[in-house]
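> build me a structure from this.
(2 chains)
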Amino acid sequence: NAGVTQTPKFRVLKTGQSMTLLCAQDMNHEYMYWYRQDPGMGLRLIHYSVGEGTTAKGEVPDGYNVSRLKKQNFLLGLESAAPSQTSVYFCASSLPRTSGRIRTRNEQFFGPGTRLTVL
Amino acid sequence: LAKTTQPISMDSYEGQEVNITCSHNNIATNDYITWYQQFPSQGPRFIIQGYKTKVTNEVASLFIPADRKSSTLSLPRVSLSDTAVYYCLVALSNDYKLSFGAGTTVTVRA
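Okay, here's the model as predicted:
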């Protein structure tokens, strides 16, 4: 049981290049999230998904796109990278707040992060 | 999402108890209080969650007064490995989005 994994761990891009970050989870979680974390700051939500085939914008979605074609995978794309997108990107997954008649705790499981530098 | 306020940093020594207080004056009736821990170069990790009074698990205790406008995370007998950033979050019981502030950097010294 690997939990949440992210690929790649590190990446350096030039301005204008594109790339896709892959997040995979093996916990059968419905919900998945992409965050970015800048130095000295907390995490900010970029996009999230409440199920296969659905995505929604978070707090800072501009410059990013996402796709959730399979339940276990959540992809984050940068179509034209900018230096302002230099950051550490974290993926997370969770159960819905209620599962059947059971209220689950508000726990998200995070991946190890991807450190992206845009020159 | 309710805004939270917590100290930027705290220092402690091994074996001491660390208490981090978080203010959330605008907490709503259905909001839960959740704490996460983040080590350097890692993603955050869930520590504890509560609604009112006191919650205790193998890692920490969470104290919530009756008015719920604040909460205190208590880490008993800290060790060097407890050095981390601790985030206080308030989220609706039926909302899955979390809002992380800057957190509290706890440094434990020998």
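
> tell me how many other residues crowd residue A:27.
Residue A:27 is flanked by 13 other residues according to other C-beta atoms under 10 Å in any protein chain shown. C-betas here are computed from N, CA, C, even on glycine.

> contact partners for the residue in chain A that chain B sits nearest to?
Nearest residue of chain A to chain B, counting by C-beta to the nearest C-beta: residue A:110, 2.7 Å away. The contact partners of residue A:110, taken as C-beta atoms under 8 Å, 6 or more residues apart in numbering or on different chains, are A:4, A:90, A:91, A:92, B:42, B:43, B:44, B:45.

> next one: residue B:75
B:17, B:18, B:19, B:20, B:59, B:60, B:82, B:106.

> biggest separation within these, which pair?
Using C-beta to C-beta, the contacts of residue B:75 reach their maximum pairwise distance at B:19 and B:59, which is 14.3 Å.

> list the residues that contact residue A:113.
So residue A:113 contacts A:6, A:9, A:37, A:88, A:89, A:90, B:41, B:42, B:43 (C-beta under 8 Å, 6+ apart).

> most neighbours, which of those?
That'd be residue A:90 among the contacts of residue A:113, by other C-beta under 10 Å, with 25 neighbours.

> these two touch, right, that one and residue A:32?
No: taking contacts as C-beta atoms under 8 Å, residue A:90 lies outside contact range of residue A:32: 11.4 Å.

> do the lowest-mean-pLDDT helix or strand in chain B and chain A meet?
The weakest-scoring helix or strand in chain B, judged by mean pLDDT, DSSP states H and E, is strand B:84-92 (a mean of 88). Yes: remark: strand B:84-92 sits within contact range of chain A at B:87, B:89, B:91, by C-beta under 8 Å from any C-beta of the partner chain.

> and of the residues you listed, the nearest to chain A?
Distances from chain A to the residues of strand B:84-92 next to chain A, taken by C-beta to the nearest C-beta, are shortest for residue B:91, at 5.5 Å.

> tell me what that closest one is bridged to.
For residue B:91, the beta-bridge partners are residue B:32 (DSSP bridges).

> what residues does chain A put near chain B?
Near chain B, when you scan chain A using C-beta under 8 Å from any C-beta, you find A:4, A:31, A:35, A:40-45, A:48, A:50, A:58-59, A:90, A:92, A:94, A:96-98, A:103, A:105-113.

> on the three-state scheme, residue A:70 is what?
Of the three states, residue A:70 takes coil under DSSP: H, G, I helix; E, B strand; the rest coil.

> is it true that it touches residue A:49?
No: Residue A:70 is not in contact with residue A:49 according to C-beta under 8 Å; the separation is 10.9 Å.
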